[in-house]
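**Student:** Predicted structure and sequence below. I'll ask about it afterward.
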Amino acid sequence: MERPDISVVVLAYRSAFTIEGFVSSLVASLENERLDWEIILVGNYFEGTGDETPEVVKKISAGNSRIKPVVRVKEGMMGWDMKSGLQATTGKTLAVIDGDGQMPCTDVIRVYQLMKEKRHDLVKTVRVERSDGFYRKLISTNYNRLFNVLFPGMDARDVNSKPKILTRELYENMNLGSNGWFIDAEIMIIARRLKMSIGTIETTFHSIDTRPSFVKPLAVLEFLANLIWYRIKEFGAK
């Protein structure tokens, strides 16, 4: 069976009130580009939280055969959700984006076009305009500076920005392990180690008013610990 041109993994955790509109806009942009596409809509959840996202995800998927639901009881955070979505893809290229609307869904098309034009293995966005507050911007700036010190040699100004898009070949060589917030950095570190061609494109990051941020202060310590650990692992990989 012929693979779709693109699989888009949409991370919809606790996005019950916004995900339907986001998916509608994403479908419209994919159709406008005349791509053979599929959407993997990830609505994983913690039991007992009253999260309505799984039901919304199933309802959206039931209305379009190109939209596949992934709805499982969570065993981790964002990294676990991303891995469960990527495992369900069948496309030639794989994009990942958060479904909360902070990142424009039209960026999926932009990273796809740049990948095809320049024949990159991986393309990601860089948030040059951000509306998520001083504290988050400060943490992000310092985190990315440290990342570039520990892992020099590539344009990694905004490691955690999405959407990211990568070839199936690159994904199948990654063996991603992170179950938490570090998975974006893990993708970049492995792509660097494999000497992949990486492209970036600028974007705007919008604020969100429907829920608080899922990235808590403890996640900052997780980022730092993982950066150091992966730097140590890099020495062993050479």
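**Tutor:** Nice, thanks for sending it over. Residues are numbered from 1 along each chain as shown.
**Student:** Every contact and neighbour count from this point should use C-alpha atoms.
**Tutor:** Fine.
**Student:** For the residue nearest to the spatial centre of the chain, which non-adjacent residue is closest in space?
**Tutor:** When the chain is reduced to its mean C-alpha position, the closest residue under CA atoms, centre = their mean turns out to be Val96, at 3.7 Å. Here the nearest residue to Val96 in space, its sequence neighbours aside, is Val9; by CA to CA, 6 or more residues apart in numbering that works out to 4.7 Å.
**Student:** tell me the mean pLDDT for the helix or strand hosting that neighbour?
**Tutor:** Taking DSSP states H and E as the definition, one finds Val9 inside strand 6-11. Mean per-residue pLDDT for strand 6-11: 98.
**Student:** can you check stretch 73-87 too?
**Tutor:** Over the span of stretch 73-87, the pLDDT mean works out to 97.
**Student:** who's in contact with that stretch?
**Tutor:** 9-11, 40-42, 44-47, 70, 94, 96, 176, 178-184 (CA atoms under 8 Å, 6 or more residues apart in numbering).
**Student:** Report the backbone C-alpha coordinates of it in PDB.
**Tutor:** The C-alpha atoms that make up stretch 73-87 are tabulated as PDB, following Å, rounded to 0.1, in the frame of the first residue of the first chain:
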ATOM      1  CA  VAL A  73      -4.200   5.700  29.700                       C
ATOM      2  CA  LYS A  74      -1.000   7.700  30.100                       C
ATOM      3  CA  GLU A  75       2.200   6.100  31.200                       C
ATOM      4  CA  GLY A  76       4.200   9.300  30.800                       C
ATOM      5  CA  MET A  77       4.000  12.900  29.800                       C
ATOM      6  CA  MET A  78       4.500  14.600  26.400                       C
ATOM      7  CA  GLY A  79       7.300  12.300  25.200                       C
ATOM      8  CA  TRP A  80       5.200   9.300  25.900                       C
ATOM      9  CA  ASP A  81       2.300  10.800  24.000                       C
ATOM     10  CA  MET A  82       4.500  11.800  21.000                       C
ATOM     11  CA  LYS A  83       6.000   8.300  20.800                       C
ATOM     12  CA  SER A  84       2.600   6.600  20.900                       C
ATOM     13  CA  GLY A  85       1.500   8.900  18.000                       C
ATOM     14  CA  LEU A  86       4.600   8.400  15.900                       C
ATOM     15  CA  GLN A  87       4.200   4.600  16.300                       C
END
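**Student:** So which bits of that stretch are buried?
**Tutor:** Lys74, Met77, Met78, Gly79, Trp80, Asp81, Met82, Lys83, Ser84, Gly85, Leu86 (16 or more other CA atoms under 10 Å).
**Student:** sorry, back to before: so the residue nearest to Val96 versus Thr90, what's the distance?
**Tutor:** Distance from Val9 to Thr90, counting by CA to CA, to the nearest Å: 11 Å.
**Student:** These two: which has the busier surroundings?
**Tutor:** The residue with more neighbours, out of Val9 and Thr90, is Val9; 32 against 19, by other CA atoms under 10 Å.
**Student:** Does the more buried one touch Ile40 like I think?
**Tutor:** Yes. Applying CA atoms under 8 Å as the test, Val9 and Ile40 come out as touching, 4.7 Å apart.
**Student:** burial count for Trp229?
**Tutor:** 11.
**Student:** Surely it is in a helix?
**Tutor:** Yes. With DSSP: H, G, I helix; E, B strand; the rest coil as the criterion, Trp229 is located in a helix.
**Student:** Could you tell me which ranges of the chain sit under the pLDDT cut-off?
**Tutor:** The chain contains residues with pLDDT under 70 at 132-133, 135, 207-219, 236-238.
**Student:** All the helices of it, in order from the start?
**Tutor:** 19-32, 53-62, 78-86, 107-118, 134-150, 168-172, 183-193, 217-237 (DSSP state H).
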